[in-house]
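**Student:** Predicted model follows, preceded by the sequence.
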Amino acid sequence: MSSPTRTIAIIGGGFSGTTVATHLLRLLDSEPTRIVLIERARCIARGVAYADREYKYLLNVPAGRMSANPREPLEFLTFARRRLPYATAEDFLPRALYGEYLESSLAHAELSARPDVQLSRVRAEIVEVSRDAHSGSIQLRATDGRTITADDVVMAFGNPAPASPPSLDGLLGSSRYSQDPWTAPSSCRPGETILIIGTGLTMADVVSATSVNCNDNVTIHAISRHGLLPPSQTAFRHAPCEGDSGALLREASFSIRRLMRSIRRLALATQRQGGDWREAVTFVRNLAPALWSRLPLREKRRFLRHVRAYWDVHRHRLPQETLAQIQQMRLRGNLRIHAGRLLSCERSGDKVKVTWRRRGATQLSSLIVDRVINCTGPDYNPHRSRDPLMHSLLAQRLASADALGLGLRTAENGALIDSGGRAAENFFYVGPQLRADYWEATAAAELRSHAERLATHLAEAGRERSSRARWSIREGWPVPEGATLPEGAAAR
């Protein structure tokens with residue numbers, strides 16, 4: 001008697017979804033399984049981050065720390081050296097090359113998988129999800145009317161689009177405004193003036209591409225509340241920072257003020273010992289999930305209001321080559337960084353009039369620009385999402401947002417928590433919206449661990465079902481779903 005084929009659907013074929021699928025192909029060994037990897041874009045594995053673009057954007061992390069496989073730390077570097085023989089672990093390599101690596105890893109895992117474990121790549125946009133009340137299976141409906149029924153579903157959508165600040169309401173729908181920076185024109189007219197909202201990593205990407213495509217024929221103004229630019233990455237020591245994790249965890253239980261004071265002391269002590277403050281940031285980043293869980297809710301709100309911008313600018317750093325391009329543009333006067341608050345943007349003929357207030361000033365300032373690009377970063381609040389799939393999840397009460405609007409609530413192994421506070425048994429999320437529970441959940445270093453953990457959980461669940469089925473057949477009576485086998489029964 002053959003076992004029924006289990007279906008695991010993964011919605012999202014970017015880093016997280018591809019990595020989960022790759023691990024599943026390697027781990028599933030107990031029952032016939034069909035993995036359905038669903039992606040609305042043309043290419044699996046690349047997503048927005050690793051798409052092959054005209055400008056060769058660089059990774060923000062050295063090649064030696066970009067493996068998608070926690071068990072093979074140099075896997076990406078080994079792959080990259082097939083194309084770039086002289087690449088080192090400290091090099092910042094093209095993002096498109098990383099997309100090729102993810103595609104190759106998935107293809108290799110597919111070829112090596114058991115014959116009864118199959119991968120289906122489906123190009124579709126899922127807009128609605130529902131659960132069958134009798135079987136517990138999950139139905140996914142796509143925009144073209146197709147329906148996919150799955151025993152287990154993994155939501156693996158990546159970064160959502162930026163929110164549009166109220167000051168830009170007058171430009172919504174205008175060709176003068178790009179709400180999604182990745183759809184903004186990469187070329188520009190001679191003498192064009194551009195306003196970029198935000199001064200973080202996305203701004204750096206847009207400026208770098210513009211500096212190559214437009215040379216000196218463009219003026220860019222970039223504005224953010226603090227006007228902070230990301231610093232450069234450095235080849236700091238890989239020896240562990242000598243911090244006291246217990247002390248930091250204790251401080252987090254009290255207040256963000258005490259925690260930040262301890263982190264500053266750690267950074268200064270690291271520098272006095274000949275190290276780099278980035279080592280201290282990495283040490284804290286590795287503790288981030290535990291620190292975040294210790295902080296009281298009021299202190300998390302205080303962190304988001306007062307500290308977040310400073311943490312982000314020290315945490316998310318740039319390759320030296322990218323930062324050098326930005327500094328050259330500033331020296332030539334093509335890039336001007338402003339600290340202040342944007343008040344309004346209005347059409348003025350074929351231009352845009354921008355009104356803003358410089359940080360610490362009372363009087364208003366104005367700019368006349370040709371177009372505006374939103375680089376404020378992803379808006380993780382599920383309630384503000386424009387994605388119909390997110391709307392369906394919340395409307396069906398299958399998922400719930402956290403109190404701070406940072407993402408989706410999850411339990412162990414990424415199990416989605418519904419509106420009643422119950423963790424799902426066969427419905428999971430992996431991706432940057434895990435920041436609601438872990439704070440640090442946007443880089444490959446964090447997401448690869450979550451992806452492997454979830455894949456391992458799904459594989460083990462299959463082994464348990466297979467063991468129950470074999471035992472019940474041998475003994476001649478059914479085992480209820482969720483029942484525990486007698487000790488040693490699976491080995492009879």
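**Tutor:** Structure received.
**Student:** in the protein, which ranges drop under the pLDDT threshold?
**Tutor:** Along the chain, the parts satisfying pLDDT under 70 run over 1-3, 213, 215-216, 235-240, 466-492.
**Student:** can you do 50?
**Tutor:** Within the chain, the set of residues satisfying pLDDT under 50 comprises 1, 473, 479, 482-483, 485-492.
**Student:** Select the longest strand from it.
**Tutor:** strand 335-348 (DSSP state E).
**Student:** Can you list the helices and strands that that one packs against?
**Tutor:** Counting contacts by 3 or more C-beta pairs under 8 Å, 6 or more residues apart in numbering; DSSP states H and E, strand 335-348 is packed against strand 218-224, helix 320-332, strand 351-358, strand 364-369. Quick note: C-beta positions are derived from backbone N, CA and C, even for glycine.
**Student:** looking at these, which is buried most?
**Tutor:** Of all the helices and strands packed on strand 335-348, strand 218-224 has the most neighbours on average by mean count of other C-beta atoms under 10 Å, namely a mean of 23.
**Student:** just how off-centre is that one within its chain?
**Tutor:** 26 Å (C-alpha atoms, centre = their mean, to the nearest Å).
**Student:** Stretch 214-221 too?
**Tutor:** Between the centre of stretch 214-221 and the centre of its chain there are 30 Å (C-alpha atoms, centre = their mean).
**Student:** What are the buried residues along stretch 197-216?
**Tutor:** 197-211, 214 (16 or more other C-beta atoms under 10 Å).
**Student:** Among these, name the ones in helices.
**Tutor:** Of the buried residues of stretch 197-216, the ones assigned to helices by DSSP state H are 201-211, 214.
**Student:** Assumed residue 31 was part of a strand.
**Tutor:** No: the assignment for residue 31 (DSSP: H, G, I helix; E, B strand; the rest coil) gives coil, which keeps it out of a strand.
**Student:** That one touches residue 465, doesn't it?
**Tutor:** Yes: judged on C-beta atoms under 8 Å, residue 31 makes contact with residue 465 at a distance of 6.6 Å.
**Student:** Now for the two: what residues contact both?
**Tutor:** residue 6 (C-beta atoms under 8 Å, 6 or more residues apart in numbering).
**Student:** can I get the CA coordinates of stretch 302-317 in CSV?
**Tutor:** In CSV, the C-alpha atoms belonging to stretch 302-317 read as follows (Å, rounded to 0.1, in the frame of the first residue of the first chain):
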residue,chain,number,x,y,z
ARG,A,302,11.4,53.7,23.1
PHE,A,303,14.0,51.9,21.1
LEU,A,304,12.0,52.4,17.9
ARG,A,305,11.4,56.1,18.6
HIS,A,306,14.9,57.1,19.8
VAL,A,307,17.5,54.5,19.0
ARG,A,308,16.5,52.6,15.9
ALA,A,309,18.0,55.1,13.4
TYR,A,310,21.4,54.9,15.1
TRP,A,311,21.3,51.1,15.4
ASP,A,312,20.4,50.7,11.7
VAL,A,313,23.1,53.0,10.5
HIS,A,314,25.8,51.1,12.4
ARG,A,315,24.3,47.6,11.8
HIS,A,316,23.7,48.0,8.0
ARG,A,317,27.0,49.0,6.4
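**Student:** just how off-centre is that stretch within its chain?
**Tutor:** Worked out by C-alpha atoms, centre = their mean, stretch 302-317 lies 17 Å from the chain centre.
**Student:** in it, what's buried?
**Tutor:** 302-303, 307, 309, 311, 313-317.
**Student:** Export those residues as CSV, with columns for secondary structure and distance to residue 354.
**Tutor:** Converted to CSV, the buried residues of stretch 302-317 look like this (DSSP: H, G, I helix; E, B strand; the rest coil; distance: C-beta to C-beta, whole Å):
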residue, secondary structure, distance to residue 354
302, helix, 31
303, helix, 30
307, helix, 28
309, helix, 21
311, helix, 28
313, helix, 23
314, helix, 29
315, helix, 29
316, coil, 26
317, coil, 29
